[in-house]
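In: Here is the input, now give the coordinates:
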Amino acid sequence: MEKFNLVIVIVSSLFTVIHAQEFANYFGKKIGDFTTLAHRVSGSVHAIDSTTLWVRGFNYDGTAPDAFFWAGVSGSNPSSGGEIIPDENGSDNPLGAYTNANIILRLPAGRVITDYNWISIWCRLFAANFGQIIISSNFQPPAPFSLGVLGFNPRVHDVHADDVIIMDSQTVKFVNLDYDGRGPAAYFWVGEGTRPGTSGYRVPDENGSKTTVLRRYNGEDITIKFDGVLTVFDIGHIGLWCEIARQNFGDVDVPGSLSVPPSGIPQVQQPTPEPSLENCEELSDTFQVFWQVTGQSIDIELKGVVDTDTYMAFGLSGSDSMTSMVGSDVTVAWFDGTQGRAVDYNLNAYAQCSGGNGACADTESSNLGSDSVTNVEGSVKDGITSIKYTRQLNTGDATDIVIPVDSSVYISWAIGPINPDGRAVKHATRTPTGGSNGNGKQINFGRGASNTCQPLAPGDKPPALEPWAANTLPPTITTFDVKIGPSGGERGYTAVTGNAGWGIALYINGVLIPELKVQRGLNYTFRIFGGSNPARPADYHPVYITNDAAGGLASLSSNEIPGDLEIYAGPFNGSLCAYVSNGEDQADNSDTFAEYFETLTEECVTPSEPVEFVWTPDENTPDLVYYQCYTHRYLGWKIEVQDQVLPTNNGITTDNPTTASPTTARSPEITDLKRMEKTTTDKMDETNDGSNSSSRIGLHNLQLYLLLFVSLVCLLVA
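Out: All right, here's what the predicted structure looks like:
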């Protein structure tokens with residue numbers, strides 16, 4: 001039977017490949033073949049859309065003195081009453097010779113293919129027809145096709161799009177797409193038939209990646225393009241699917257008969273105009289700022305050799321006497337794969353934004369500012385990202401600093417990664433504090449026009465660093481000391497999770513974000529060393545267990561909290577204990593995490609007073625949850641919950657434990673989610689029933705004995 005199923009899979013796969021290859025040769029809707037009348041004219045003509053033709057395998061000997069692509073709006077056959085269709089170069093000159101040529105023709109301005117009755121290779125001088133195609137009166141050219149609204153009611157992970165449009169045979173546009181970005185392994189997903197499932201497969205996101213988990217989308221127009229030979233003719237549905245949860249977040253059917261434009265059509269590239277702003281300063285070898293003051297506003301353009309998931313931040317320093325990140329008023333700008341983005345930020349603390357403190361957008365700051373950035377434009381060309389925006393010199397906003405035009409001012413800049421939710425995280429490069437006076441860089445925004453910048457060159461990107469192996473703690477461990485430490489950069493946290501954090505992450509028993517494997521019905525003790533002073537956001541990391549893959553619940557606004565969010569334990573905090581680098585961080589120079597860990601030193605507040613809590617996962621606990629920081633996003637990782645991770649009880653107690661009181665463990669600031677905390681406490685009370693846990697394990701063992709008995713009977717009968 002297994003061999004038979006394997007054959008079916010192979011035959012099905014072979015059919016899919018053949019089917020895909022057939023439609024990979026799709027050139028648009030065929031209008032017809034030239035009839036050969038003279039001068040060896042032959043070939044076929046396909047409509048790409050209403051105004052563009054693709055002539056395939058075209059032949060003409062080029063010896064006639066005055067021949068053209070010629071089309072007529074009247075009469076049933078070619079005549080002198082037609083008009084020229086410009087050649088592939090847009091020229092109205094007589095045609096030269098063609099041998100098996102594939103060329104794109106664009107109709108004269110104001111014309112569509114349905115205006116014409118026929119197409120000919122026509123010689124005006126001799127009024128001679130060398131070959132023709134008669135266009136059917138009911139011919140309809142290919143056009144983008146609407147698949148309708150995406151999403152369920154109620155929404156799953158907030159997935160919704162006003163429309164899903166097939167733009168061409170390999171390109172799909174999601175209009176005004178929403179998705180909360182919280183699926184642990186969500187991708188754009190296609191498959192045969194109308195029912196999504198595990199037999200489907202990923203298609204690239206807007207950045208061309210099939211390996212990057214989908215980020216959050218907030219009312220964005222997202223365009224994706226299939227790779228390889230896959231076309232819309234090969235699929236029956238498209239949507240968003242989570243591989244780990246095996247859950248359909250939303251899909252639309254793709255009908256079997258489509259008439260859409262073909263993909264891969266050469267486009268006329270419009271040259272990107274050079275920056276028109278009169279001033280430029282080089283901030284680094286790969287980062288430049290252009291600007292121009294007009295009246296009471298300033299236009300700024302940031303140009304950098306950065307990836308689409310990387311921000312460029314620029315603005316005024318938080319200090320009048322030196323470059324200082326804390327207190328800075330900057331604009332964080334990036335290209336998200338489809339458009340340029342720029343957001344007004346207020347950096348009131350050296351930490352990830354939480355509760356209005358840290359590196360926060362003005363609209364999320366504790367000072368309750370507004371976004372003063374307008375007229376945002378963006379582009380990426382030849383590996384260089386350009387973001388242009390406007391702001392007022394004096395915005396009148398308490399979170400903004402007035403830009404002077406009569407003197408020099410210290411500036412602050414940085415380059416770093418953008419999280420999937422569109423928030424800036426810890427910089428990778430920032431303003432050096434050197435310079436002529438040792439205090440940083442200054443700019444006079446009101447100076448006379450001066451541009452001394454050299455053209456940026458993309459250059460070769462450095463090779464990616466080899467990631468460290470992901471860590472998993474043995475399932476026999478049931479006590480977890482949770483502390484804070486450096487993230488290990490692209491070798492560590494980013495390599496394991498695919499996300500970028502604020503340069504810090506959670507360590508459990510001295511291991512960077514290990515994956516935990518726990519068993520339902522067993523008790524697990526967590527000792528939290530996350531810091532107990534909410535006034536110091538960089539050193540305050542309460543820990544909780546949740547189904548949220550990003551964490552940082554306290555940093556979210558009420559409309560950002562997903563409706564399906566659950567808290568299974570916590571949040572709890574205790575005295576701070578952190579691993580810190582001995583000097584410059586050595587993550588990039590360490591081949592393994594063990595080697596990197598040797599460069600760290602543990603620093604703990606005295607007296608050491610961790611908060612302990614005991615968590616007992618039960619039958620209501622999902623198979624995948626996460627330990628996370630309550631105040632900051634992207635610091636924790638996975639907990640895999642199973643019915644059996646150990647062959648026996650191994651002496652692990654399932655008696656009713658003494659748990660840390662949520663009332664005493666919570667900080668004064670964590671009081672705004674009483675409903676969730678009550679649910680958490682109720683669940684902990686239910687799961688701490690020791691007799692329940694023992695009964696569950698006893699039942700599981702009985703099932704194993706019955707299975708063994710049935711197996712023996714089957715062997716005896718055989």
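In: Point out where the stretch 451-600 of the chain drops to low pLDDT.
Out: Within the stretch 451-600 of the chain, the segments meeting pLDDT under 70 span 458-464, 501-502.
In: now do 90
Out: 451-467, 469-472, 474-475, 487-504, 532-540, 549-564, 570, 573, 581-589 (pLDDT under 90).
In: quick one, phi psi at the residue of the chain most remote from its centre?
Out: In terms of distance from the mean C-alpha position of the chain, Phe126 ranks first, at 60.6 Å (Cα atoms, centre = their mean). Dihedral angles of Phe126 (phi, psi; degrees, to the nearest 10) stand at phi -110, psi 10.
In: cool, and Ile545?
Out: Taking degrees, to the nearest 10 as the convention, Ile545 sits at phi -110, psi 130.
In: Do I have it right that it meets Tyr626?
Out: Yes: with contacts counted by Cβ atoms under 8 Å, Ile545 reaches Tyr626, the gap being 7.1 Å. (C-beta placed from N, C-alpha, C; glycine too.)
In: Which of the helices and strands in this structure ranks last by mean pLDDT?
Out: helix 662-665 (a mean of 28; mean pLDDT, DSSP states H and E).
In: so what's the residue nearest the centre of the chain up against?
Out: Geometric centre of the chain, nearest residue: Arg215, 3.6 Å, by Cα atoms, centre = their mean. For Arg215, the contact set (Cβ atoms under 8 Å, 6 or more residues apart in numbering) comprises 181, 419-422.
In: my guess is it is in a helix, correct?
Out: No: Arg215: not assigned to a helix; according to DSSP: H, G, I helix; E, B strand; the rest coil it is coil.
In: coming back round to it: need the overlap of contacts for Ile545 and Tyr626.
Out: With Cβ under 8 Å, 6+ apart, Ile545 and Tyr626 have common neighbours Ile639.
In: what residue ranges in the stretch 51-200 of the chain score low on pLDDT?
Out: Residues of the stretch 51-200 of the chain that meet the criterion pLDDT under 90 lie in 63, 65, 89-90, 109-110, 125-126, 153-154, 194.
In: Which of the helices or strands spans Tyr596?
Out: Using DSSP states H and E, Tyr596 maps to helix 593-597.
In: Buried residues of that helix, list them for me.
Out: 593, 596-597 (16 or more other Cβ atoms under 10 Å).
In: swap in stretch 370-377?
Out: 371-373, 376.
In: again with stretch 104-118
Out: Neighbour-count burial for stretch 104-118 [16+ other Cβ under 10 Å]: 105-107, 111, 113, 116-118.
In: Same question for stretch 404-415.
Out: 409-415.
In: and of these, the nearest to Val332?
Out: Ala414 (8.7 Å; Cβ to Cβ).
In: Name every strand pairing with the helix or strand where that closest one lies and say which way it goes.
Out: In this structure, Ala414 is located in strand 409-417 according to DSSP H and E. Paired neighbours of strand 409-417 in the sheet (DSSP bridges): strand 310-316 (antiparallel), strand 429-430 (antiparallel), strand 442-443 (antiparallel).
In: Which one, of those, ends up nearest to Asn59?
Out: strand 310-316 (49.8 Å).
In: can you give me the offset of that closest one from its chain's centre?
Out: 20 Å (Cα atoms, centre = their mean, to the nearest Å).
In: Stretch 490-497 now?
Out: That offset, for stretch 490-497, works out to 16 Å (Cα atoms, centre = their mean).
In: Stretch 521-536 too?
Out: On Cα atoms, centre = their mean, the centre of stretch 521-536 falls 31 Å from that of its chain.
In: For it, buried residues please.
Out: So for stretch 521-536, counting by 16+ other Cβ under 10 Å, buried means 521-532, 534.
In: what do you get for stretch 235-253?
Out: Those would be 235-243, 245, 248-253, for stretch 235-253 by 16+ other Cβ under 10 Å.
In: related to what we said a few turns ago, state the pLDDT value of the residue nearest to the centre of the chain.
Out: Looking at Arg215, its pLDDT stands at 94.
In: Tell me how far it lies from Lys638.
Out: Noted for Arg215: a distance of 19 Å to Lys638, by Cβ to Cβ, to the nearest Å.
In: pLDDT (mean, whole number) over the helix or strand where Glu301 lies?
Out: If you go by DSSP H and E, Glu301 is part of strand 297-304. Across strand 297-304, pLDDT averages out at 92.
In: and that strand, what other elements does it pack with?
Out: Contact here means 3 or more Cβ pairs under 8 Å, 6 or more residues apart in numbering; DSSP states H and E; on that basis strand 297-304 packs against strand 287-294, strand 310-316, strand 328-335, strand 384-392.
In: For the buried residues of stretch 404-415, give me JSON lines that also has distance to Asn348 and pLDDT.
Out: Formatted as JSON lines, the buried residues of stretch 404-415 follow (distance: Cβ to Cβ, whole Å; pLDDT from 0 to 100):
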{"residue": "Val409", "distance to Asn348": "19", "pLDDT": "90"}
{"residue": "Tyr410", "distance to Asn348": "17", "pLDDT": "91"}
{"residue": "Ile411", "distance to Asn348": "18", "pLDDT": "90"}
{"residue": "Ser412", "distance to Asn348": "13", "pLDDT": "89"}
{"residue": "Trp413", "distance to Asn348": "18", "pLDDT": "88"}
{"residue": "Ala414", "distance to Asn348": "15", "pLDDT": "87"}
{"residue": "Ile415", "distance to Asn348": "21", "pLDDT": "87"}
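In: okay, stretch 493-505 in PDB with CA atoms only?
Out: In PDB, the C-alpha atoms belonging to stretch 493-505 read as follows (Å, rounded to 0.1, in the frame of the first residue of the first chain):
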ATOM      1  CA  TYR A 493      18.700  35.000  18.300                       C
ATOM      2  CA  THR A 494      18.200  36.200  14.700                       C
ATOM      3  CA  ALA A 495      19.500  32.900  13.300                       C
ATOM      4  CA  VAL A 496      17.200  30.800  15.500                       C
ATOM      5  CA  THR A 497      14.000  32.800  15.300                       C
ATOM      6  CA  GLY A 498      14.300  34.700  12.000                       C
ATOM      7  CA  ASN A 499      13.500  37.900  13.900                       C
ATOM      8  CA  ALA A 500      15.600  40.800  15.200                       C
ATOM      9  CA  GLY A 501      15.400  41.900  18.800                       C
ATOM     10  CA  TRP A 502      16.800  44.800  20.800                       C
ATOM     11  CA  GLY A 503      20.300  43.100  21.100                       C
ATOM     12  CA  ILE A 504      19.200  41.200  24.300                       C
ATOM     13  CA  ALA A 505      17.400  37.900  24.800                       C
END
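In: Nice, that's everything, thank you.
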